[in-house]
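1. let's see this in three dimensions:
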Amino acid sequence: MRVCIFTDSFLPYISGVTSAVYNQANELTRRGHSVSIFHPRPSRSDSFETVPGLDDSVSVYGLPFSVPTFNIPKLRWSMPLFLYTYRRLRQAPPDLIHVHTEFGCGLEGMLLGRWKNVPVIGTFHTFFAEPDYLKQFYIPNFAFTRKAMWKYSVGFFNRCSHIVSPSQSVRDHLVARGLHRPATVLSNGIERMALRPAEEIKAFRASLGIDDFAFIYIGRVSPEKSLDVALEAFAQTLAVNPKAKFVLIGNGPADEAVDAKIGELGLGESVIRTGRIERDRLMAENYPLLGDVFITASKTENQPVSILEALAFGLPLIGPRAKGIPELVDHGSNGLLFEPDDVYGMSSAMVRLMQDQQLYARMHQASLDTAATHDLQHVGDELEAIYREAIEVKRRET
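-> Numbers count the residues shown, from 1 in each chain. Coordinates of the predicted model:
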């Protein structure tokens, strides 16, 4: 099959959507399919010739007319112009188009799919109608704006041949708001991780001053991630273990606010901020193992790839009972849940896992077992089946 992927989330911007696109493109290529990725062209200072971690046989095209998102570093939006993509698709007509965003590149992919009369598969990744996301994009948080965002998203995906939803929560939200196209719940998928020797990991941790229990967050540093809640919860755990650390990997529009919060809570000696780390290096060097437990306080998650990757490294999870998180965090099995924005509930879960070694050991194994159910090979099988069925249905219709 010739598969064209359209996504607004791509290098140099790093997100769960970017990782999902990488993983799925690599898996499809390993299976012998021809894969092309269309994304917003980065600025000259961020331009790249090769994509670390992406198979060399994947063709990558930057759409020429793209504009920056002012408050989100590295993220750009592409304006649909079609001529550049038209020429590429004319040279190598696709059998199928897969869109991972519903704006910019995704919209261009949708319209080109209709022009080429090929099926369009859509994956819904992000709850853009949530108040925190509206705030990021300077959209007023009113009932009518939230309704308008949902109406646009559902209308977009109702024009797809098939919807892929990484979580049941997302599928339910879409159906409740009018989705009537076929929708399959399918994990974003994760590759099996190559683990470094324990001695190297111990030395790695020591080099950053980690000699006791550590919590870790990996992802964008932005308002909707509720990092203020996580920092307040961590501050409470220090009363139990002053040697504990919180490793925070990533950057974003809330960097200054997070730094201010760290200072306000007096956590400067206990929080380790690494900033942005490229994904291939993040995985190859086993950065998730800088922590013993992965934590998040975000209430807007669908299926974070960072959590899937944490599971693959055997990290127990702590997260809020919101959106898609409970589908990954099996309370009492591979992690602990708390009520959204409940600082005390989050800190209690952190203290419990820090103090109960037997519980921690059970959850470590449960995380590895959960990761196996999200194996990328299984995701590849499901994607191929969805693609083939969509192509066959389109063929019968024409």
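2. please enumerate the strands of the stretch 51-200 of the chain.
-> All strands of the stretch 51-200 of the chain, identified by DSSP state E, counting those that start in this stretch, fall at 59-63, 66-68, 76-78, 96-99, 120-123, 162-165, 183-185.
3. now find how far off-centre the third one is within its chain.
-> For strand 76-78, the gap between its own C-alpha mean and the chain's C-alpha mean amounts to 18 Å (CA atoms, centre = their mean, to the nearest Å).
4. of all the strands of the stretch 51-200 of the chain, which one comes closest to residue 286?
-> Taking CB to CB, strand 59-63 is the member of these nearest to residue 286, at 26.6 Å. C-beta here means a position set from N, CA and C on the backbone, and glycine is covered the same way.
5. for the closest one, packing partners?
-> Other helices and strands packing on strand 59-63, by 3 or more CB pairs under 8 Å, 6 or more residues apart in numbering; DSSP states H and E, are strand 34-40, helix 83-91.
6. ranking those by burial, who's on top?
-> Greatest average neighbour count among the helices and strands packed on strand 59-63 goes to strand 34-40 (a mean of 24), per mean count of other CB atoms under 10 Å.
7. partner strands of it, with direction?
-> strand 2-6 (parallel), strand 59-63 (parallel) (DSSP bridges).
8. re earlier: which stretch among the helices and strands packed on strand 59-63 comes nearest residue 378?
-> If you check each of those against residue 378 by CB to CB, strand 34-40 wins as the nearest, at 18.6 Å.
9. quick one: mean pLDDT over that closest one.
-> Regarding strand 34-40, the rounded mean pLDDT is 94.
10. what residue spans form the domains of this structure?
-> 2-189+375-397, 198-372 (automatic domain parsing).
11. how about the helices of the stretch 1-150 of the chain, start to end?
-> 16-30, 83-91, 105-116, 131-136, 143-157 (DSSP state H, counting those that start in this stretch).
12. right, and those helices - which one's nearest residue 199?
-> Nearest to residue 199 among the helices of the stretch 1-150 of the chain is helix 16-30 (28.3 Å), distances taken as CB to CB.
13. that closest one to strand 59-63, inter-axis angle?
-> Put simply, helix 16-30 runs at 140 degrees to strand 59-63, going by axes from the mean of the first three to the mean of the last three CA atoms, to 10 degrees.
14. in helix 16-30, what's buried?
-> Buried residues in helix 16-30, defined by neighbour count with 16 or more other CB atoms under 10 Å: 16-29.
15. quick one, which of the strands paired with strand 34-40 is packed in tightest?
-> By mean neighbour count, with neighbours taken as mean count of other CB under 10 Å, strand 2-6 ranks first of the strands paired with strand 34-40 at a mean of 24.
16. now do it: distance to the chain's middle.
-> Centroid separation between strand 2-6 and its chain, computed with CA atoms, centre = their mean, is 19 Å.
17. try stretch 104-115
-> Relative to its parent chain, stretch 104-115 has a centroid offset of 22 Å by CA atoms, centre = their mean.
18. let me know the average pLDDT across that stretch.
-> Averaged over stretch 104-115, pLDDT sits at 91.
19. list the buried residues in it.
-> For stretch 104-115, burial by neighbour count (16+ other CB under 10 Å) applies to 104, 105, 106, 107, 108, 109, 110, 111, 112, 113.
20. residue 119 is in contact with the last one, correct?
-> Okay, so that is residue 113. Yes - between residue 113 and residue 119 a contact is recorded at 7.1 Å, counting by CB atoms under 8 Å.
21. intersection of neighbour lists for these two?
-> Common contact partners of residue 113 and residue 119 (CB atoms under 8 Å, 6 or more residues apart in numbering): residue 97.
22. got any ranges where the stretch 101-250 of the chain has weak pLDDT?
-> Residue ranges of the stretch 101-250 of the chain with pLDDT under 70: 127-138.
23. mind doing that once more with 90?
-> For the stretch 101-250 of the chain, the stretches flagged by pLDDT under 90 are 103-104, 114-116, 124-150, 166-171, 173, 187-194, 220, 223-224.
24. identify the residues contacting residue 67.
-> Applying CB under 8 Å, 6+ apart, the residues near residue 67 are 76, 77, 79.
25. pLDDT on the one helix or strand residue 364 maps to, on average?
-> Following DSSP states H and E, one finds residue 364 within helix 357-372. The average pLDDT within helix 357-372 is 95.
26. distance from it to the middle of the chain?
-> Counting by CA atoms, centre = their mean, helix 357-372 is centred 22 Å from the centre of its parent chain.
27. so which elements touch it?
-> Judged by 3+ CB pairs under 8 Å, 6+ apart, the packing partners of helix 357-372 are helix 305-312, helix 343-355.
28. Throw the ones you listed into JSON lines and include mean neighbour count and distance to residue 185, thanks.
-> What follows is the helices and strands packed on helix 357-372, written out as JSON lines (neighbours: other CB atoms under 10 Å; distance: least, CB to CB, whole Å):
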{"stretch": "helix 305-312", "mean neighbour count": "26", "distance to residue 185": "14"}
{"stretch": "helix 343-355", "mean neighbour count": "20", "distance to residue 185": "27"}
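29. which helix in the chain has the most residues?
-> Counting residues, the longest helix found in the chain (DSSP state H) is helix 376-397.
30. in that one, what counts as buried?
-> 376, 379, 380, 383, 386, 387, 390, 391, 394.
31. got the contact list for the nearest residue to the third one once chain neighbours are set aside?
-> Right, residue 380. Closest residue to residue 380 apart from its sequence neighbours, by CB to CB, 6 or more residues apart in numbering: residue 27 at 4.1 Å. For residue 27, the contact set (CB under 8 Å, 6+ apart) comprises 189, 376, 377, 379, 380, 383.
32. contacts only, for the fifth one.
-> Residues in contact with residue 380 (CB under 8 Å, 6+ apart) are 24, 27, 28, 30, 31, 189.
33. make it 7 Å
-> Counting by CB atoms under 7 Å, 6 or more residues apart in numbering, residue 380 touches 27, 28, 31.
34. from the buried residues of stretch 104-115, which is closest to residue 254?
-> Nearest to residue 254 out of those is residue 104 (CB to CB; 23.0 Å).
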